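Asker: okay, sequence plus prediction incoming.
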Amino acid sequence: MIEPISIDLASLNIPSLAPMLVAIVGALIILCIDLFSKKLDKSLYVMLTILFLMIDLGLVVGYTGGTRGFFDMMYVDGISILSQIIILVASALFILLALSQKRFHEYRYPEYFALFMFMIAGFQFMVSSDSLILIFVGLETSSMALYTLIAMHNRARSTEAAIKYFTMGALAAAFFAFGSMIFYALTGSVELSIISEVLVASNFDNYPIILIGVVFMIGALGFKLSLVPFHIWAPDVYDGSSSALAGFMSIVPKIAGFIVALRFFEIFIAVENAWVQAILYIIVVITMTIPNMIALVQTDVKRMLAYSSISHAGFAMGAILIGTTQATSALFLYWILFLFTNLGSFAMLWVHRSKKDVLNDSDHPFEKFSGLVKSSPIAAAIMGMFMLSLAGVPPFSLFWGKMYLIGSAVNAGYLILALIMAVNSAIAVYYYLKLIVYMFLKDPVDDDRMVVMGNVNTTLKTVIGISVMITVASIIFIDPLLEMINYYVQISGY
């Protein structure tokens, strides 16, 4: 006779699932409200989305349960909590951009906001588990929602961008599945902690097969993080998306990818595995350098920022390669500061958005910003400040992130890597200054299609104001921010 299986609810640690359940239930509520009433103002759905994100954030910050939960598939440590805070705060700020002066096609549909919430739940699952199965579920949930959000922009380039992203995403999913299969075959587990123990105990037997598994995982994570050579989708997808969604994609999906990469590569970095370190070193260097070179010749500001974001991802990936506690803290500091600078940059593109293509099938050519200081001096000053911050010019926020990251490389003995980081920062100054030259030193273009500040309202001004304040006054809160980051990183044992 088969004995019934008894499950102790206390051991399931249901509160570890609560934040994701809030996001999922919030999405379902938005869909149900739309079923009963089609006449509600779409601003309601923005407010509901932010409300559910704030409830989600409260549950994350107030979480006091155990590290493990839900059949040991959930892994809610300090790193998970910190990354979820970044995901939720960034998502709330970016969804506010939906309340723009002009209402674009996708924001007319409640389904947009429901998909947005499903996507956030997927990201939260990715950072709150060390089970390759649950990470894969989170990865696919978020990716499928994001493909649809891109296509909902309802332009020819948006459909093309969604198809490219879907095709590359399907390939990345296959890579992740094959990599997971290899590590399960070698260790008998899909939990990264157990995989690590088994591989270390066996002194990395079957090393060629392990390396094949690592290559598959690099392909999967490289796509999510737009690391070279897996970055080819990024500029076209950013270009085909709205500026608001492009800015979101440059921040939130990548922090989820960084956490998965951090947990996976820690297995090899902790034991100083030479081959894996060498592969990562090469990827980090070329991801910082090649997109920087391509950005130099871009004629569209959004595509320039797309290549810039790829290069910044290479910088942050360097922290995972270094593998020290200081480097892990530097990763979070860098990405938090990058969040607000990039939020401001893409929000400035969003306020200049028009419903028609501007020039040569491009929304934001450099010529559009020519002489901006004459027509809107405050907008020119703000955009210039964001460009200087992205370039790492002191005293703006990203300078401190770059310095702390380069300092962690020096302290860990990665002197050549630190030098390459510094050189790439110097190269990046050129293409950021190019936009400043257009805004301050060139004459305005006499073209009625060049809409300036046509999509701005109080909500967008508030979001940009928050970004400006944090970008300019970052020196005030760097130390408290680092203390908070160090607290969460150290309780995670990284």
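Answerer: Yep, that arrived. Bear in mind that the values here come from a model prediction, so they are computed numbers and not experimental data.

Asker: give me phi/psi at residue 191?
Answerer: Main-chain dihedrals, residue 191, degrees, to the nearest 10: phi -90, psi 130.

Asker: hang on, it packs against residue 133?
Answerer: No. Contact criterion Cβ atoms under 8 Å: residue 191 and residue 133 do not qualify, at 9.2 Å. Placement of C-beta: from N, CA and C, glycine included.

Asker: who has more neighbours out of those two?
Answerer: residue 191 (19 against 13; other Cβ atoms under 10 Å).

Asker: gap between the more buried one and residue 198?
Answerer: From residue 191 across to residue 198, the span is 10 Å (Cβ to Cβ, to the nearest Å).

Asker: lowest-pLDDT helix or strand in the protein?
Answerer: Least confident helix or strand, the chain: helix 9-12 with a mean of 67, by mean pLDDT, DSSP states H and E.

Asker: for burial, what's the neighbour tally of residue 232?
Answerer: Using other Cβ under 10 Å, residue 232 has 13 other residues around it.

Asker: how close does residue 313 sit to residue 42?
Answerer: 33 Å.

Asker: list the contacts for residue 435?
Answerer: 301, 304, 366, 369, 383-384, 387 (Cβ atoms under 8 Å, 6 or more residues apart in numbering).

Asker: quick one: which of these has the most company?
Answerer: Busiest of the contacts of residue 435 [other Cβ under 10 Å] is residue 369, holding 29 neighbours.

Asker: picking up where we left off before, quick one: which of residue 313 and residue 42 has more around it?
Answerer: residue 313 (28 against 16).

Asker: correct me, but the more buried one touches residue 254?
Answerer: Yes. Applying Cβ under 8 Å, one finds residue 313 in contact with residue 254, separated by 5.8 Å.

Asker: report the set of residues contacting both of these two.
Answerer: By Cβ under 8 Å, 6+ apart, the residues touching both residue 313 and residue 254 are 225-226.

Asker: pLDDT weak spots in the stretch 351-494 of the chain?
Answerer: Within the stretch 351-494 of the chain, the stretches with pLDDT under 70 are 353-362, 446-455, 493-494.

Asker: that one: strands as residue ranges?
Answerer: With strands called from DSSP state E, counting those that start in this stretch, the stretch 351-494 of the chain shows none.

Asker: show me where it has helices.
Answerer: 372-375, 377-390, 397-411, 415-441, 458-472, 474-492 (DSSP state H, counting those that start in this stretch).

Asker: figure out which of the ones you listed is closest to residue 57.
Answerer: The closest of the helices of the stretch 351-494 of the chain to residue 57 is helix 474-492. By Cβ to Cβ, the value is 14.5 Å.

Asker: orientation of the closest one relative to helix 397-411 in degrees?
Answerer: For helix 474-492 against helix 397-411, the angle by axes from the mean of the first three to the mean of the last three Cα atoms, to 10 degrees is 50 degrees.

Asker: so what does helix 474-492 touch, helix or strand wise?
Answerer: Under the contact criterion of 3 or more Cβ pairs under 8 Å, 6 or more residues apart in numbering; DSSP states H and E, helix 474-492 touches helix 78-95, helix 325-351, helix 397-411.

Asker: report the buried residues of it.
Answerer: Going by neighbour count (16 or more other Cβ atoms under 10 Å), the buried part of helix 474-492 is 474, 478, 481-482, 484-486, 488-489, 492.

Asker: export these to JSON lines and tack on distance to residue 284?
Answerer: Formatted as JSON lines, the buried residues of helix 474-492 follow (distance: Cβ to Cβ, whole Å):
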{"residue": "474", "distance to residue 284": "25"}
{"residue": "478", "distance to residue 284": "24"}
{"residue": "481", "distance to residue 284": "24"}
{"residue": "482", "distance to residue 284": "23"}
{"residue": "484", "distance to residue 284": "26"}
{"residue": "485", "distance to residue 284": "21"}
{"residue": "486", "distance to residue 284": "23"}
{"residue": "488", "distance to residue 284": "24"}
{"residue": "489", "distance to residue 284": "20"}
{"residue": "492", "distance to residue 284": "22"}
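
Asker: give the other helices and strands that the helix or strand residue 197 falls within contacts.
Answerer: Element membership for residue 197, per DSSP states H and E: helix 192-201. On a contact count with 3+ Cβ pairs under 8 Å, 6+ apart, helix 192-201 meets helix 156-187, helix 252-269.

Asker: for that helix, output the C-alpha coordinates as CSV.
Answerer: The C-alpha trace of helix 192-201 is given here as CSV (Å, rounded to 0.1, in the frame of the first residue of the first chain):
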residue,chain,number,x,y,z
LEU,A,192,23.1,25.4,-8.2
SER,A,193,24.3,24.9,-4.6
ILE,A,194,24.2,21.0,-5.0
ILE,A,195,25.8,21.3,-8.5
SER,A,196,28.6,23.3,-7.0
GLU,A,197,29.2,20.8,-4.2
VAL,A,198,29.2,17.8,-6.5
LEU,A,199,31.5,19.4,-9.0
VAL,A,200,34.0,20.5,-6.4
ALA,A,201,33.9,17.2,-4.6
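
Asker: what does that helix contact?
Answerer: Contacts of helix 192-201 (Cβ under 8 Å, 6+ apart): 75, 130-132, 183, 186-189, 210, 263-264, 266-267, 270-271.

Asker: buried among the residues you listed? Need that as a selection in PyMOL.
Answerer: Entered in PyMOL, the line below selects the buried ones among these, by 16+ other Cβ under 10 Å:
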select buried, resi 75+130+131+132+183+186+187+189+210+263+264+266+267
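
Asker: which of the contacts of helix 192-201 sits closest to residue 97?
Answerer: Nearest to residue 97 among these is residue 263, at 31.0 Å by Cβ to Cβ.

Asker: contacting residues around the closest residue in space to residue 417 that isn't next to it in sequence?
Answerer: Leaving aside its chain neighbours, residue 417 sits nearest to residue 409 (5.0 Å; criterion: Cβ to Cβ, 6 or more residues apart in numbering). Residues in contact with residue 409, defined by Cβ under 8 Å, 6+ apart, are 318, 322, 327, 415, 417-418, 421.
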